[in-house]
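**Student:** model the structure of this input:
(chains A and B)
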Amino acid sequence: MREILVEPLARVEGDGGITVRIDGDKIKEVSFNVLEGTRLVETLVVGKTPEEDVSIACRICAICTLSHRYAALRGLEKALGITKLPPKAQLMRTLMHMGEFVESNSLHVFVLALPDFLGFPSAIAMAGKYGNEVLKALALKKYGNKIMRLTSGRMIHGENPTIGGFGRYLDRTTLLELKKEAQEQIEFAELGVQLVGGIDIPSYFEKETVFMCCEPGDGEFGVMGDQIRISDGKTVPVEEYRSLTNELFSPHSAAKHCLYQGKPYTVGAIARLNNLGDRLKGRSLKLYEKYWNKRWLKNPVFNNLAQAIELVWCLETIPVLVDAILEIDEDPALVKPSRMDGEGVGAVEAPRGTLYHNYRLKDGLVAEANLIIPTGQSLEDIDKYLRIAVEELLKQKADDQKIRMQCEIIARAYDPCISCSTHMVRIERV
Amino acid sequence: MSASEPTSPETEKRVRALIRSGRTVVIGLGNPDRADDGAGIEIVRYWKARPGRRAFLDTEMSAETIVLDHLADPEAETFLFVDAADFGGKPGGFRLFGIGEQELFKPALSTHQVPMDLLMGLIASRRKDVFLLGIQPGSLEPMGEMTPEVVDTVRRLSAWAD
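**Tutor:** Got it, this is the predicted structure:
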C-alpha cells in the first residue's frame, strides 16, 4: 500500500491536508481533509443583537473579515426591514470590499500559488530571481490592507461598516490618495496577469463542472448580489440558497461539503470569470479576452489566472468608486430598522467565492444563524479533481513525489480558506 | 552563515550586538494566544520599550509591511526576526539562524500569509543581513499558558537589551 500524506497543506489558510492511499494500481482513498476545529460562531451569535452579531460573526476569519461582515450586514438588514442604503454608504462598502480582494488575491496569486509553477526549490531562491516582482506584489497586498484599514477603521475586524450604513467616512485627501495608488499599481497587476498567463497549466485532470457566483444585476461584473448565477444558465434568489448548497457531512472533513443537484460545484474567481467575465470592461476585459478559453470550464488551476485578472478589475474599479463617493458631499445618517422580527439572507462574493449569512431575528435578537462558506462549497470538487489527477498520474507511472506535488497544486489553486469552513455538527436522534 | 550553537555565549554576544545596533530592524512574530508561540512577541515587546530600538511586532502590523517599510532604508542594515521555532531542541532553548537554513521552514498551521523564507530571501536579495532568533517551544496549545522553561528564556532574552 502506497500512502501519500500532505499534512498540513502549506500556503493555505487553516489546518488541512491531503490523503492518497494506493493499493497496487488501484486507488483506495483520495481526499482533501479539513482538520480544523469547529468555529461555533452560528451558536455564539444566538441571543445577540444585530450590532453584536456583525462584530462576532466576522471573527470567524481574519482573512475574509470584511466579506463576512458585509454578508452579515446584508442578511441582518434584510431581517430588520432595511431594504435600501444611501448611495454613499453602499459605495463605501464596495470600496472596503475591493480592499479585501486586492489583499487576498495578490497574496495568493504571487506569493502562495506562483512558487508551485516557477520551479524553484525554495522561496528564498524565488526571491533571488524575482525579487522585484515579489516586492511589487507585497506592495499591492499592502495597498489592499491599507484600504481595508482605512475604510473599516482597523486592520482586522474594523467596525465602520455597521447596521444601516457606514460609520466614519473617508475624507477627500485620503480618497484621492487611494485613487492615485490604484492607478499606480495597475501596470504591475497587468504584468502579473501576463506572468501567470504564460504558465503552462497541465490538462490531464480536466473535467467539466458547475460554477456559481453572485449575480450583480444590470449586466455588470461585480462581487455582490441578491441572486445566484449558475453556469447551467439558471438564476436563483439567494433566499433559496439551501436548494443550491445542500450541505452534507463527509467522514474525512470537519467542514460540511455541498452538492448542487447531486453534483460538485466550484465557487471563487474562476466561477466569477466563467459566469460573468464577458461583462468586464477596459483593461480587465482585454486580459479576459486574451486569456480565457474553454479549458477554464474544466480546470480549477485557472483560478490563479482568474484572480490575477480580478486584481486588474479591482484597480480599475477603485478610482471609479472614489469619484462617485466624492460627488456626494453629505455623509448620510444610518438607516433605522423598520422591524425587530424577520429573516434575511445576505450573500456576497468573498475572494474565495459565494458567502451566505442567513439570520432569523426574534424580538430584536438573533434566534438562528446559518453561514455557508465558500471553501465548503468547493470541497467536493477539490476531492473530485484530486481523484482524477491521481488516476491519471498512476497511468503515467508517476512517483509519489510527483503525485504529491500535483495534488498540492490542484488543492492550492482553490485558495482554500479552511478555518471558517468548519461548522458545528448537529446530531438529531430519532 | 551556519546556525550558532544552542544558547551558547557566542549566540548571546551576537544577539546582544544585533539588538543594540541602531541599524537592526527587529521583528517579533507569533501568536500570544498559543502558549509558547507568543515568546517572540513578548521578548520584542520588551526590547521595543528600550530607547533607540527599531523594534516591531507583527501583532500590530504585518511582518511584510514592516519589511517593506524598511527595505529601502540604507540605515537598516540587518533584519532580526524573533519567533518560536521547532528546531528539535529542549523547550526554552534558542538558536540564531541565518539565511538558507531550511530546517526551520517546515509547513506550519495557518500559513495564509507571506512565508518566512520568502521574506528572508527578499531581504537577502537586497544585500542586507537577515537572521532568525528561534525559541524552542514546549507547548503550542491554543489559549494555553507559556511553559516555565520558555518564560525563563523570555526573561533572559528580554534583559539582553538593557
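**Student:** helices along the chain, start to end?
**Tutor:** Defaulting to chain A. Listed in chain order, the helices of chain A (DSSP state H) span A:41-44, A:50-57, A:65-79, A:87-106, A:114-118, A:123-129, A:131-152, A:172-197, A:241-245, A:269-276, A:282-291, A:303-326, A:374-395, A:400-413.
**Student:** chain B is the one I meant
**Tutor:** For chain B, applying DSSP H gives helices covering B:9-20, B:39-48, B:63-71, B:116-125, B:148-159.
**Student:** what inclination does the third one have with respect to helix B:116-125?
**Tutor:** Spelled out, that is helix B:63-71. Here helix B:63-71 runs at an angle of 10 degrees relative to helix B:116-125 (axes from the mean of the first three to the mean of the last three C-alpha atoms, to 10 degrees).
**Student:** burial of residue A:201, as a residue count?
**Tutor:** Residue A:201: 18 surrounding residues under other C-beta atoms under 10 Å in any protein chain shown. Bear in mind the C-beta positions are built from the backbone N, C-alpha and C, glycine included.
**Student:** what's the pLDDT at residue A:425?
**Tutor:** Per-residue confidence (pLDDT) for residue A:425: 43.
**Student:** whoops, residue A:125 was the one
**Tutor:** So residue A:125 comes in at 75 (pLDDT).
**Student:** how about it, what does it touch?
**Tutor:** Applying C-beta atoms under 8 Å, 6 or more residues apart in numbering or on different chains to residue A:125 gives the contacts residue B:121.
**Student:** which one of the helices of chain A lies nearest to residue B:58?
**Tutor:** helix A:131-152 (12.6 Å; C-beta to C-beta).
**Student:** give the buried residues for the closest one.
**Tutor:** For helix A:131-152, the buried set under the neighbour-count rule, 16 or more other C-beta atoms under 10 Å in any protein chain shown, comprises A:131, A:133-152.
**Student:** about what we covered before: between the helices of chain B, which gets nearest to chain A?
**Tutor:** Nearest of the helices of chain B to chain A, taken as C-beta to the nearest C-beta: helix B:116-125 at 3.1 Å.
**Student:** the closest one - contacts with which helices or strands?
**Tutor:** On a contact count with 3 or more C-beta pairs under 8 Å, 6 or more residues apart in numbering or on different chains; DSSP states H and E, helix B:116-125 meets helix A:123-129, helix A:131-152, helix B:63-71, strand B:78-84, strand B:129-135.
**Student:** go again with 10 Å.
**Tutor:** helix A:123-129, helix A:131-152, helix B:63-71, strand B:78-84, strand B:94-98, strand B:129-135 (3 or more C-beta pairs under 10 Å, 6 or more residues apart in numbering or on different chains; DSSP states H and E).
**Student:** how about residue B:65, nearest residue that isn't a chain neighbour?
**Tutor:** Of all residues not flanking residue B:65 in the chain, residue A:142 sits nearest, at 5.4 Å (C-beta to C-beta, 6 or more residues apart in numbering or on different chains).
**Student:** residue A:274: what's it in contact with?
**Tutor:** Taking C-beta atoms under 10 Å, 6 or more residues apart in numbering or on different chains, we find residue A:274 in contact with A:209-213, A:229, A:231, A:266, A:292, A:294, A:296-297, A:302, A:306.
**Student:** what residue lies at the spatial centre of chain A?
**Tutor:** residue A:352 (1.8 Å; C-alpha atoms, centre = their mean).
**Student:** residue contacts, the nearest residue to residue A:65 once chain neighbours are set aside?
**Tutor:** Sequence neighbours aside, residue A:58 is the residue nearest to residue A:65 in space, at 4.8 Å (criterion: C-beta to C-beta, 6+ apart). By C-beta under 10 Å, 6+ apart, the residues touching residue A:58 are A:41, A:64-73, A:152, A:156-159, A:161, A:357, A:420.
**Student:** circling back: of all the helices of chain A, which one is nearest residue B:148?
**Tutor:** Nearest to residue B:148 among the helices of chain A is helix A:41-44; the distance by C-beta to C-beta comes to 33.0 Å.
**Student:** buried ones among the contacts of residue A:58?
**Tutor:** Looks like those have A:41, A:64-73, A:152, A:156-158, A:161, A:357, A:420 buried, using 16+ other C-beta under 10 Å.
**Student:** what about the nearest residue to residue A:318 once chain neighbours are set aside, neighbour count?
**Tutor:** Nearest non-adjacent residue to residue A:318, counting by C-beta to C-beta, 6+ apart: residue A:182, 4.0 Å away. Counted by other C-beta under 10 Å, the residues lying close to residue A:182 total 23.
**Student:** give me the pLDDT value at residue A:182.
**Tutor:** 98.
**Student:** and the gap between it and residue A:106?
**Tutor:** 13 Å (C-beta to C-beta, to the nearest Å).
**Student:** what do these two both touch?
**Tutor:** What both residue A:182 and residue A:106 touch, as defined by C-beta under 10 Å, 6+ apart, is the set A:143, A:189, A:314.
**Student:** now flag whichever of the residues you listed is closest to residue B:64.
**Tutor:** The nearest one, if we look at the shared contacts of residue A:182 and residue A:106 relative to residue B:64 and count by C-beta to C-beta, is residue A:143, at 12.2 Å.
**Student:** quick check: that closest one touching residue A:107?
**Tutor:** No - judged on C-beta atoms under 10 Å, residue A:143 makes no contact with residue A:107 at a distance of 11.7 Å.
**Student:** separation between the residue nearest to the spatial centre of chain B and residue B:28?
**Tutor:** Centroid-nearest residue in chain B: residue B:82, 0.9 Å away (criterion: C-alpha atoms, centre = their mean). Look at residue B:82 and residue B:28: by C-beta to C-beta, they are 5 Å apart.
**Student:** and for residue A:25?
**Tutor:** 51 Å.
**Student:** next one: residue A:190
**Tutor:** From residue A:190 across to residue B:28, the span is 37 Å (C-beta to C-beta).
**Student:** residue contacts, residue 138?
**Tutor:** Since no chain was named, I'll use chain A. A:106-107, A:110-111, B:62, B:64-65, B:67-68, B:71, B:114, B:118-119, B:122.
**Student:** wrong chain, I was asking about chain B
**Tutor:** B:35-36, B:84, B:90-93, B:144, B:146-150.
**Student:** want to throw the residues you listed into JSON lines with distance to chain A, neighbour count and pLDDT?
**Tutor:** Shown next, in JSON lines, are the contacts of residue B:138 (distance: C-beta to the nearest C-beta, whole Å; neighbours: other C-beta atoms under 10 Å in any protein chain shown; pLDDT from 0 to 100):
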{"residue": "B:35", "distance to chain A": "16", "neighbour count": "21", "pLDDT": "93"}
{"residue": "B:36", "distance to chain A": "18", "neighbour count": "28", "pLDDT": "94"}
{"residue": "B:84", "distance to chain A": "17", "neighbour count": "25", "pLDDT": "92"}
{"residue": "B:90", "distance to chain A": "25", "neighbour count": "10", "pLDDT": "92"}
{"residue": "B:91", "distance to chain A": "22", "neighbour count": "16", "pLDDT": "94"}
{"residue": "B:92", "distance to chain A": "25", "neighbour count": "21", "pLDDT": "94"}
{"residue": "B:93", "distance to chain A": "24", "neighbour count": "18", "pLDDT": "92"}
{"residue": "B:144", "distance to chain A": "14", "neighbour count": "15", "pLDDT": "90"}
{"residue": "B:146", "distance to chain A": "21", "neighbour count": "22", "pLDDT": "96"}
{"residue": "B:147", "distance to chain A": "22", "neighbour count": "18", "pLDDT": "97"}
{"residue": "B:148", "distance to chain A": "27", "neighbour count": "11", "pLDDT": "97"}
{"residue": "B:149", "distance to chain A": "26", "neighbour count": "18", "pLDDT": "96"}
{"residue": "B:150", "distance to chain A": "23", "neighbour count": "26", "pLDDT": "96"}
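**Student:** alright, calling it a day.
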